[in-house]
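A.B. asks: Let's see this in three dimensions:
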Amino acid sequence: MTITRRRLISICAAWALLPIAARAVTGSTHLWLGQAMGARASLRLAHPDAEAISTRVMAEIERLEDILSLHRPHSALSKLNRDGRLEAPPFELLECLSLAGGVHCASGGRFDPTVQPLWALWAEAATQGTQPEGSAIAATLRRTGWEKIDIEAGLITLRPGMALTLNGIGQGYVADRVAALLEAEGLTDILIDTGEMRALGGSPDGGDWPVRLESGERVPLRQRALATSAPLGTTFDQGGRDGHILDPITGRPSSLAWRSVSITAPSAALADALTTAACLMPDQKSIDDMLRQFPDTRLDSLS
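C.D. replies: Sure thing, here's the model as predicted:
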């Protein structure tokens with residue numbers, strides 16, 4: 001199986017020109033690079049205690065990975081998928097699922113974390129250099145459906161054979177939690193990149209954070225989040241035809257013409273989920289109708 005991930009966003013700031021290393025410090029500016037939810041993560045921070053603060057950020061990311069990650073067998077999400085039930089679920093998992101449910105409703109069901117069995121089906125077929133048979137897709141679709149999840153404060157239960165993925169919202173959620181941690185310490189003028197962007201304040205030079213999309217468009221960020229999704233940003237096949245954003249209705253990769261969708265919102269988790277859903281929308285009007293249900297969200301790029 002060949003799964004490729006293409007970075008769609010780069011930072012147009014002086015710090016983007018620094019050599020990539022585990023830590024790079026220029027004056028009081030500290031750059032930390034690592035991993036979050038399977039994607040490259042970075043934190044650019046101008047502060048005398050930048051290194052100590054970065055250590056706390058790394059600890060918070062680790063804590064969140066232990067809750068939300070599909071790739072850690074002991075995470076809360078992995079336990080839920082394995083056992084079909086999770087008692088006393090962490091608040092963060094409940095909050096993430098609550099937001100996912102809101103976007104699921106607003107998108108007409110296009111955002112659906114229960115597509116994980118479909119994702120596994122397509123990934124397995126890709127290891128054989130093929131696509132799943134239609135009968136296998138139909139059988140797997142019967143093990144999906146947001147309405148089949150029972151979510152309560154003390155217990156989450158799934159029907160047999162179901163599994164959840166938070167890949168369409170988790171990276172943004174991590175960015176929001178990191179922003180909350182830093183804001184609680186009285187910090188500002190920070191750009192957080194966990195695969196989605198979250199600006200806490202603006203750039204230390206006094207302006208907005210200048211973010212450039214792959215299309216060349218510029219999106220200024222200040223106290224706001226930006227997410228970009230692309231149907232072919234990650235693909236199952238070497239030819240780059242079968243994208244990773246699966247339609248929960250058909251069980252197949254998005255067949256629409258969008259190359260990428262960028263949305264800004266007050267929260268990175270919300271922007272993350274909305275861009276995922278937008279990749280499955282048939283036209284811009286459908287995207288606009290969805291965004292109207294969430295205050296202060298904006299479609300910044302559609303190509």
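
A.B. asks: quick one: the strands in the stretch 201-303 of the chain?
C.D. replies: For the stretch 201-303 of the chain, the strands defined by DSSP state E, counting those that start in this stretch cover 209-213, 218-221, 224-229, 234-235, 261-265, 298-302.

A.B. asks: In CSV, list those along with distance to Leu68.
C.D. replies: Quick note: C-beta positions are derived from backbone N, CA and C, even for glycine. Below are those laid out as CSV (distance: least, C-beta to C-beta, whole Å):
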stretch, distance to Leu68
strand 209-213, 25
strand 218-221, 24
strand 224-229, 16
strand 234-235, 18
strand 261-265, 19
strand 298-302, 26
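
A.B. asks: out of those, nearest to Gly102?
C.D. replies: With respect to Gly102, and counting by C-beta to C-beta, the nearest of the strands of the stretch 201-303 of the chain is strand 261-265 at 12.2 Å.

A.B. asks: So Thr276 sits against Pro231, correct?
C.D. replies: No - with contact defined as C-beta atoms under 8 Å, Thr276 does not count as touching Pro231 (9.9 Å).

A.B. asks: Touching both of these two, which residues are there?
C.D. replies: Residues touching both Thr276 and Pro231 comprise Ile245, with contact defined as C-beta atoms under 8 Å, 6 or more residues apart in numbering.

A.B. asks: wait, which of the strands of the stretch 201-303 of the chain is closest to Met162?
C.D. replies: So among the strands of the stretch 201-303 of the chain, strand 234-235 is nearest, using C-beta to C-beta, at 22.6 Å.

A.B. asks: will you turn the strands of the stretch 201-303 of the chain into JSON lines that also has mean pLDDT?
C.D. replies: Formatted as JSON lines, these follow (pLDDT from 0 to 100):
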{"stretch": "strand 209-213", "mean pLDDT": "87"}
{"stretch": "strand 218-221", "mean pLDDT": "92"}
{"stretch": "strand 224-229", "mean pLDDT": "95"}
{"stretch": "strand 234-235", "mean pLDDT": "84"}
{"stretch": "strand 261-265", "mean pLDDT": "97"}
{"stretch": "strand 298-302", "mean pLDDT": "95"}
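
A.B. asks: Make CSV out of those and add mean neighbour count and distance to Leu182.
C.D. replies: Shown next, in CSV, are the strands of the stretch 201-303 of the chain (neighbours: other C-beta atoms under 10 Å; distance: least, C-beta to C-beta, whole Å):
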stretch, mean neighbour count, distance to Leu182
strand 209-213, 20, 14
strand 218-221, 17, 15
strand 224-229, 27, 14
strand 234-235, 18, 29
strand 261-265, 26, 19
strand 298-302, 17, 24
